[in-house]
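Q: sequence-free structure coming up:
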């Protein structure tokens, strides 16, 4: 019984250690990221996206301020003054005065300057919405590119690993043939050199993969202590050879949906309203003002209350300000607003042409990569057959080392070309989806 009692604390300690180890294992488990998870996370955490959302909120405050200027302003004032009279001929050397007032002012007409300002601010709000959308598109594009680079580098590592395995088998077989006297030491040295080169290329491929993962991690703005693992999707020939719509249709769709184009169009509308605001300088301004006030002065025979009542006043009035000569300020403002309108129209054309260049370039990459992929995949099949035959003939003494290594390098180059065209095509297709506001359709 006593022995059992002694074992209970030991059992509890063991359970606690196991639980603690389980928690630590859970904490150190590396998260596996899909492309969609990367995008969703970045849209919530990316600093540039957050800044564009803050700019949107700030612009909303400007709009509310512009709307409030349609209403009267109201102010109150209180002044207290102490005056000292150093002369000995006065009844009292100090005088204390107080004045109190409430004033209101309402601009009744200003050439529609305020209403046009409100319209401008509402357009700026739309532009800020589009800026948020553009920031989100930018991060999507960057993530698609970075993610595809990681996938490409991952498969490149796999190809190099397979190459090293084949190279090791050839190296070992060459060693046996050398011992049997079937090949020379020069042939063996060439095989050893090739095996060393293939190992080096594997190290380079793994380093490249690590660098691309780091770039992706930095795009996500993950902490330096966080590790990430990329989910490798099962990509088929269908994913690579997805039919593309006509180039003209892609461009027309992107013109209609991309936020930078809409933003440029709205900026053109803003400059049109700026011309109207500048022309308002030629019109008179009509304001209504009203106020009430009272005051008191010390050193007289009237009480504070009597003075406040006696000095109590009410006022109301209209003020009209007519521009006669403004040192050419109004004309200059109108002309500069017109120049700004012309510039905004040119900016719109430039945006449209830049979008055309981008879409046309991506479309060309997609179609050429698809064609290259078909050619490269076919080439890999034939070179694989040729390599296997050459390898068999080498081991039978019918081919020399140079012929074997040449065929092996041809196969590696063909596999790399197939891999490059594969991921270039998939990346271009996904980018075209973004420019058409279509969902990213990589299957996991």
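A: It's in. Just so it is clear, the structure is predicted and the values come from calculations on it, not from any experiment.

Q: and the helix or strand hosting residue 188, which residues are buried?
A: Here residue 188 sits within helix 185-220, counting by DSSP states H and E. Of the residues in helix 185-220, those with enough neighbours to count as buried (16 or more other C-beta atoms under 10 Å) are 187-188, 190-191, 194-195, 198, 201-202, 205-206, 208-209, 212-213, 216-217, 219-220. Quick note: C-beta positions are derived from backbone N, CA and C, even for glycine.

Q: hang on, residue 294 in a strand?
A: Yes - Residue 294: assigned to a strand according to DSSP: H, G, I helix; E, B strand; the rest coil.

Q: My guess is it contacts residue 305. True?
A: No - the pair formed by residue 294 and residue 305 falls short of the contact definition of C-beta atoms under 8 Å, at 10.5 Å.

Q: which stretches of the stretch 51-200 of the chain form helices?
A: Shown for the stretch 51-200 of the chain, the helices assigned by DSSP state H, counting those that start in this stretch span residues 113-179, 185-220.

Q: Let me have these in TSV, adding mean pLDDT and distance to residue 314 as columns.
A: Formatted as TSV, the helices of the stretch 51-200 of the chain follow (pLDDT from 0 to 100; distance: least, C-beta to C-beta, whole Å):
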stretch	mean pLDDT	distance to residue 314
helix 113-179	93	28
helix 185-220	92	66
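
Q: of all these, which lies closest to residue 371?
A: Of all the helices of the stretch 51-200 of the chain, it is helix 113-179 that lies closest to residue 371, at 18.4 Å by C-beta to C-beta.

Q: any idea how far stretch 312-322 is from the chain center?
A: On the basis of C-alpha atoms, centre = their mean, to the nearest Å, stretch 312-322 sits 54 Å off its chain's mean C-alpha point.

Q: Other residues contacting that stretch?
A: When contacts are taken as C-beta atoms under 8 Å, 6 or more residues apart in numbering, the neighbours of stretch 312-322 outside the stretch itself are 284-294.

Q: make it 10 Å
A: Stretch 312-322 is contacted from outside by 100-101, 103-105, 107-110, 283-295, using C-beta atoms under 10 Å, 6 or more residues apart in numbering.

Q: do stretch 295-302 as well
A: Counting contacts by C-beta under 10 Å, 6+ apart, the residues outside stretch 295-302 that touch it are 79, 81-83, 85, 90-101, 303-313.

Q: Tell me the buried residues within those residues.
A: Listed as buried from the contacts of stretch 295-302 are 98, 100-101, 307, 311; burial here means 16+ other C-beta under 10 Å.

Q: Considering the residues you listed, which is situated nearest to residue 328?
A: The nearest member of the buried ones among the contacts of stretch 295-302 to residue 328, counting by C-beta to C-beta, is residue 101 at 38.1 Å.

Q: Might you report the residue contacts of the closest one?
A: Applying C-beta under 10 Å, 6+ apart, the residues contacting residue 101 are 75-79, 291-295, 313, 315.

Q: Looking at those residues, state which has the most neighbours.
A: Note: the member of the contacts of residue 101 with the most neighbours is residue 291, at 18 neighbours, neighbours being other C-beta atoms under 10 Å.

Q: picking up where we left off before, point out the ones among the contacts of stretch 295-302 that are inside strands.
A: With strands defined by DSSP state E, the entries of those inside them are 79, 81-83, 94-101, 313.

Q: Give me the neighbour count for the residue lying closest to residue 284 once chain neighbours are set aside.
A: On the basis of C-beta to C-beta, 6 or more residues apart in numbering, the spatially nearest residue to residue 284 that is not a chain neighbour turns out to be residue 322, at 4.5 Å. Neighbour count of residue 322, defined by other C-beta under 10 Å: 8.

Q: So which elements touch the one helix or strand residue 354 maps to?
A: Assigned by DSSP H and E, residue 354 belongs to helix 329-395. Contacting helix 329-395 under the criterion 3 or more C-beta pairs under 10 Å, 6 or more residues apart in numbering; DSSP states H and E are the following elements: helix 113-179, helix 237-240, helix 247-257, helix 259-279, helix 401-435.

Q: Out of those, the one nearest residue 49 is which?
A: Closest to residue 49 of the helices and strands packed on helix 329-395, according to C-beta to C-beta: helix 113-179, at 4.7 Å.

Q: how about low-confidence regions in this protein?
A: Within the chain, the segments meeting pLDDT under 70 span 1-29, 87-91, 93, 299-300, 442-444.

Q: Excluding chain neighbours, what is closest to residue 168?
A: Using C-beta to C-beta, 6+ apart and skipping the chain neighbours, the partner closest in space to residue 168 is residue 195 (6.2 Å).

Q: you'd agree that neighbour is up against residue 408?
A: No - with contacts counted by C-beta atoms under 10 Å, residue 195 stays clear of residue 408, the gap being 11.0 Å.
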